[in-house]
Each structure stands twice: as structure tokens, then as C-alpha cells.
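**Q** Quick check, what structure comes out for this input:
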Amino acid sequence: MPAPDSVADTALLADVLRRAGEIARHYYGGKYRSWNKSRGNPVTEADIEIDRFLKQTLLSARPGYGWLSEETEDDPARLQREFVFIVDPIDGTYGFLKQRPHFTIVAAVVRQGRPVSAAIFNPITGEMFEAAKGAGAKKNGTAISASDRSGFDGARILAEQKLMDPARWTTPWPDTLTSETRASAAYRIALVAAGEFDATFSLTRKSDWDVAAGDLIVHEAGGVMTDRDGNRLAYNRANTEHGSVICAGPRIHVELLARLKDYRPET
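**A** Numbering: from 1, shown residues only. Next comes the predicted model:
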């Protein structure tokens, strides 16, 4: 059964993300300010305006919820709230800057460390991925399911190019395996949830706002998402970072965890 109010919260997230998409499309391909928050960590006027819109709109609808966003200064009061919004106004800012339609607007509601409502929206392609705990996952209103593939022959994987470098693996990948990437980690997870790719994984740090929404969507689609040790991820903790994220259909997820023992990160 769906968690209490999770279906209503998911509908709220989807509606608000669609409206935020209008802001993203206004800026996309146009002129706007951008700067680096830190080395390799860009942000734009669009990120800030969307964040402001999401915070005002979502908290007006659910004033008792906590708030965690990439573009808002963290308030530890969120740790005391039963329900917390976790959002990324633009996940994949590099894609946005380069006018590639591979960025998303992301939001989840987390309760007791796990997501119960989630939406991921690509405002350029119009793809809306959403899920409520216990109610399944959808893409543009149609139920989705993760891949049931077993084995890496013919598999499609979303991962950074350097991560798939043959020199980093003691055992070669099959020639029939193909790999691509997308700027948005949330988008990569959503595409796995939809069965359009078999797996995605990252061995670099991700934050709650990158992965919380996708976590629920892929699990409701029958997939699995863990860290590289097979542990489920917990959200809305004091430390919002995760050292690794492994997301896949249920059968290939087991094989991918085993395959990671062959990875040589220092190559």
C-alpha cells in the first residue's frame, strides 16, 4: 500500500517541477550569469531562481516539512522534521550550460531516512518520472519497470567515460556492451528505472539531492540501488554525501557488485 499522503505529495512534486521547467526553458540557450561555487562545481542564475521557486511553492503547500537543497544553505532543523523535501533545482548543470538536454529538476520527500515520494523532470524532452512508495513508478503517466537482463553481453550502461576505461578493469567488458553518459545523475537513474538502460553506477561522491528521488523511482520500478557494498542509502542525515551509487535491474545489480572487485581506480 502507498505510504500515507505519498501519492498526494508525488502529484504535488510533479506539478511544481513542471512549472519550474518553464523557468529552465526560459534560460536554456540564452544569456545568463554563471559562476563556480567551487572547483568543477558550476551554478547559474537559473539554478538560483528555480531553487527559490521550489522552496517557496513546496513549503507553502507543506509548511511542516523540512528542506534540503543543493542551492540553499543547510538548516539543521531539517533533522528534526518527520518529512523533508530534498531537491536539486538543476541536476546536470554542465549539460544545461552546454545546451545539452540531459539535465533535470529533481525533488523527493523523505521520511525516516528513505524517500516516499519522488519526481524527476527533464524540461527539454518533457520526460516526467515519478513514484510514490508502494504505488509503483511511471514515466509520463505510464508504468515503467527496470531491466531484467542477466549478464553484461549486450548490456547498456550509463557511466562516466573514464569509469569504463578498459585500463581500469582487470577483466575486460564484453565487446557487445555499450556505455553512454548523461550530465544528470538523477536522469541516469531514471532511465535505468524505465528499462531504457540496464545499469548506472558512480564511484565518486554524490549528495542526497542527486540520488534520493531516483532511489525511490528505481525501487518502485523493480530495480535496485545501493552503495558498492550492497547497502541501501539513507537520507536526511547530518552527512548528506554517499561514496558510491550502484543502480541496476535486480539480476545485473548482483553481477555489477561482484564486477566492481575488478576495478582499479589508480590506473
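**Q** C-alpha from now on. contacts and neighbour counts both.
**A** Will do.
**Q** State the next helix or strand along the chain beyond the worst-scoring helix or strand of the chain on mean pLDDT.
**A** When each helix and strand of the chain is scored by mean pLDDT, DSSP states H and E, strand 34-38 comes last, with a mean of 88. Next helix or strand after strand 34-38 toward the C-terminus (DSSP states H and E): strand 41-44.
**Q** show me what contacts the spatially most central residue of the chain?
**A** In the chain, the residue lying closest to the centroid (C-alpha atoms, centre = their mean) is A186, at 2.1 Å. Residues in contact with A186 (C-alpha atoms under 8 Å, 6 or more residues apart in numbering) are D91, T104, V106, I120, D210, V211, A213, G214.
**Q** Show me those that map onto strands.
**A** Members of these lying in strands (criterion: DSSP state E): D91, T104, V106, I120.
**Q** Farthest-apart pair in those, please.
**A** D91 and I120 (9.6 Å; C-alpha to C-alpha).
**Q** joint contacts of the two?
**A** T104, I105, V106, A186.
**Q** Give the next helix or strand downstream of the helix or strand where the last one lies.
**A** Think A186. Secondary structure assigned from DSSP H and E places A186 in helix 185-193. Next helix or strand after helix 185-193 toward the C-terminus (DSSP H and E): strand 199-202.
**Q** Show me the contact partners of that next one.
**A** By C-alpha under 8 Å, 6+ apart, strand 199-202 touches 156-160, 188-189, 192, 244-249, 252-253.
**Q** Which of the residues you listed fall in helices?
**A** R188, I189, V192, I252, H253 (DSSP state H).
**Q** would you list the residues you listed in a markdown table and tack on pLDDT, neighbour count and distance to R228?
**A** Below are those laid out as a markdown table (pLDDT from 0 to 100; neighbours: other C-alpha atoms under 10 Å; distance: C-alpha to C-alpha, whole Å):
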| residue | pLDDT | neighbour count | distance to R228 |
| --- | --- | --- | --- |
| R188 | 98 | 27 | 17 |
| I189 | 98 | 30 | 15 |
| V192 | 98 | 29 | 17 |
| I252 | 97 | 22 | 13 |
| H253 | 98 | 26 | 10 |
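**Q** so which of those residues comes closest to R114?
**A** Using C-alpha to C-alpha, the ones in helices among the contacts of strand 199-202 come closest to R114 at I189, 16.3 Å.
**Q** Just give me the neighbour total for the closest residue to that closest one other than its chain neighbours.
**A** Take I189 and drop its neighbours on the chain: the residue closest to it by C-alpha to C-alpha, 6 or more residues apart in numbering is G214, 5.5 Å away. Neighbours of G214 under the rule other C-alpha atoms under 10 Å: 32.
**Q** Distance check, the residue nearest to the centre of the chain against F103.
**A** 9 Å (C-alpha to C-alpha, to the nearest Å).
**Q** which residues are common contacts for the two?
**A** D91.
**Q** For the contacts of A186, could you give me a markdown table that also reports distance to R228?
**A** Below are the contacts of A186 laid out as a markdown table (distance: C-alpha to C-alpha, whole Å):
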| residue | distance to R228 |
| --- | --- |
| D91 | 22 |
| T104 | 25 |
| V106 | 23 |
| I120 | 24 |
| D210 | 17 |
| V211 | 14 |
| A213 | 19 |
| G214 | 17 |
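**Q** Rebuild those as JSON lines, extending it with pLDDT and distance to T44.
**A** Shown next, in JSON lines, are these (pLDDT from 0 to 100; distance: C-alpha to C-alpha, whole Å):
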{"residue": "D91", "pLDDT": "97", "distance to T44": "12"}
{"residue": "T104", "pLDDT": "98", "distance to T44": "14"}
{"residue": "V106", "pLDDT": "98", "distance to T44": "16"}
{"residue": "I120", "pLDDT": "98", "distance to T44": "19"}
{"residue": "D210", "pLDDT": "97", "distance to T44": "17"}
{"residue": "V211", "pLDDT": "98", "distance to T44": "21"}
{"residue": "A213", "pLDDT": "98", "distance to T44": "22"}
{"residue": "G214", "pLDDT": "98", "distance to T44": "23"}
